[in-house]
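Visitor: Attaching a predicted model along with its sequence, questions to come.
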Amino acid sequence: MNSAIQVENLCKQYGEHQAVKGISFSVEQGSLFAFLGANGAGKSTTIEILCTLLKKSSGTVKINGYTLDESNDNAEIRKSIGVVFQQSLLDERLTVRENILHRGKTYGLSKTQLAENYQFVSTYLHLDDIEKRKYRTLSGGQKRRADIARALIHRPKILFLDEPTTGLDPQTRQFVWQAIKQLQLETNMTVFLTTHYMEEVTVAHQVIVLKEGEIVAEGTPDALKTNYAYDSMALVFHHNSEGIKWLEENNISYTEKQGIFSVRVESTLHALTLLKKAEPLIASFEVIKGTMDDVFLHIMAEGGAA
Ligand SMILES: Nc1ncnc2c1ncn2[C@@H]1O[C@H](COP(=O)(O)OP(=O)(O)OP(=O)(O)O)[C@@H](O)[C@H]1O
């Protein structure tokens, strides 16, 4: 595996409080990596360390082949990453274009390179309609596009995004998310993401779940679903009493809410077998696939096995 990020035994101590407790993981170059965890799990602390903004207490970190060394300014790492935090860093008084070009100049890009890169980010983030507007006049979604464009102007190899779509309406969230996915796919950029929206995690190549500073689960979304979520079937019977009798006779565990009986199934095929057996008793049914939401809730409630 060609790793964009390698983390070994990373620890962060704030006074007495150990926020990150010896975590190790690596992120494949060109992949979409999702970092999950409840509030206070240590996600921001980890991201800030990887982005050279916060000192680690111990452990080793390699970003794009460069070892993080807090005795110097880690200029190579900084040049090779782009970062979008929840709070914007753009100047409210400048236009979108001015903000982005200004940022590009701080990387020492030549005029030609800057123009080329601007065209590149503008295409992906659809800046045409907002580039001449002052940042303070933009809507939340437009600001987010500009924030991401600013983080990409030097064409970094890794883009770090800390909850990039939080607070956006569903349509804008989808737009921003599409742009991120397209960029990752077409440019082989590594994307390191934290999010609270589980549907976004479904397309990640790898997911890590952090709880109280430790990794409690990791794998592909499919593997996590297999381990921590299950499919279920909702049944409505013609007569509840007959349905209950049938479930009990067949030793099928169930829960019931307002006449809807929920049973766990191993697969869609298993659901079909049950349906065939109980067909005369059933008025309606629905097979419900396990989701990443279930995965997250399960791990948060019970912990996982890393
Ligand atoms: N500067 C600090 N000083 C002391 N404790 C801190 C500091 N920053 C964070 N913490 C604590 O470290 C733990 C991890 O915080 P962190 O912000 O990394 O979590 P998070 O997973 O990003 O949470 P959220 O989803 O709420 O952003 C929390 O218990 C937090 O209170």
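Guide: Good, I have the coordinates.
Visitor: make it CA atoms for all contacts and neighbour counts henceforth
Guide: Will do.
Visitor: who's in contact with residue 191?
Guide: With contact set as C-alpha atoms under 8 Å, 6 or more residues apart in numbering, residue 191 has these partners: 30-33, 158-161, 184.
Visitor: out of those, which are buried?
Guide: Buried members of the contacts of residue 191, counted by 16 or more other C-alpha atoms under 10 Å: 30-33, 158-161, 184.
Visitor: Which of these fall within helices?
Guide: residue 184 (DSSP state H).
Visitor: which one of the contacts of residue 191 is nearest residue 147?
Guide: Using C-alpha to C-alpha, residue 161 comes nearest to residue 147 of the contacts of residue 191, at 10.3 Å.
Visitor: Return the per-residue confidence for that closest one.
Guide: If you check residue 161, the pLDDT there is 92.
Visitor: Quickly list what it is bridged to.
Guide: For residue 161, the beta-bridge partners under DSSP bridges are residue 84, residue 193.
Visitor: hmm, back to that, format the contacts of residue 191 as JSON lines; extra columns: distance to the ligand.
Guide: JSON lines is the format used below for these (distance: C-alpha to the nearest ligand atom, whole Å):
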{"residue": "30", "distance to the ligand": "24"}
{"residue": "31", "distance to the ligand": "21"}
{"residue": "32", "distance to the ligand": "19"}
{"residue": "33", "distance to the ligand": "16"}
{"residue": "158", "distance to the ligand": "19"}
{"residue": "159", "distance to the ligand": "17"}
{"residue": "160", "distance to the ligand": "13"}
{"residue": "161", "distance to the ligand": "12"}
{"residue": "184", "distance to the ligand": "23"}
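Visitor: And these, which is closest to residue 176?
Guide: residue 161 (11.5 Å).
Visitor: what's stretch 279-299 in contact with?
Guide: 198-199, 201-202, 216-217, 221, 224-225, 228-239, 242-243, 268, 271, 275.
Visitor: ChimeraX command for the buried members of the residues you listed?
Guide: To isolate the buried ones among the contacts of stretch 279-299 in ChimeraX, judged by 16+ other C-alpha under 10 Å, type:
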select :198,201,202,216,217,221,224,225,228,229,230,231,232,233,234,235,236,237,243,271,275
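Visitor: The contacts of stretch 279-299 in strands, which ones?
Guide: Mapping the contacts of stretch 279-299 onto strands (DSSP state E) picks out 216-217, 231-237.
Visitor: Dump those into JSON lines; add pLDDT as well.
Guide: Shown next, in JSON lines, are the ones in strands among the contacts of stretch 279-299 (pLDDT from 0 to 100):
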{"residue": "216", "pLDDT": "92"}
{"residue": "217", "pLDDT": "92"}
{"residue": "231", "pLDDT": "87"}
{"residue": "232", "pLDDT": "91"}
{"residue": "233", "pLDDT": "93"}
{"residue": "234", "pLDDT": "95"}
{"residue": "235", "pLDDT": "95"}
{"residue": "236", "pLDDT": "96"}
{"residue": "237", "pLDDT": "96"}
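Visitor: Tabulate those residues (JSON lines), appending distance to residue 296.
Guide: Output for the ones in strands among the contacts of stretch 279-299, formatted as JSON lines (distance: C-alpha to C-alpha, whole Å):
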{"residue": "216", "distance to residue 296": "11"}
{"residue": "217", "distance to residue 296": "10"}
{"residue": "231", "distance to residue 296": "15"}
{"residue": "232", "distance to residue 296": "17"}
{"residue": "233", "distance to residue 296": "20"}
{"residue": "234", "distance to residue 296": "22"}
{"residue": "235", "distance to residue 296": "25"}
{"residue": "236", "distance to residue 296": "28"}
{"residue": "237", "distance to residue 296": "31"}
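Visitor: Span of stretch 117-136 from start to end?
Guide: From its first residue to its last, stretch 117-136 covers 23 Å (C-alpha to C-alpha, to the nearest Å).
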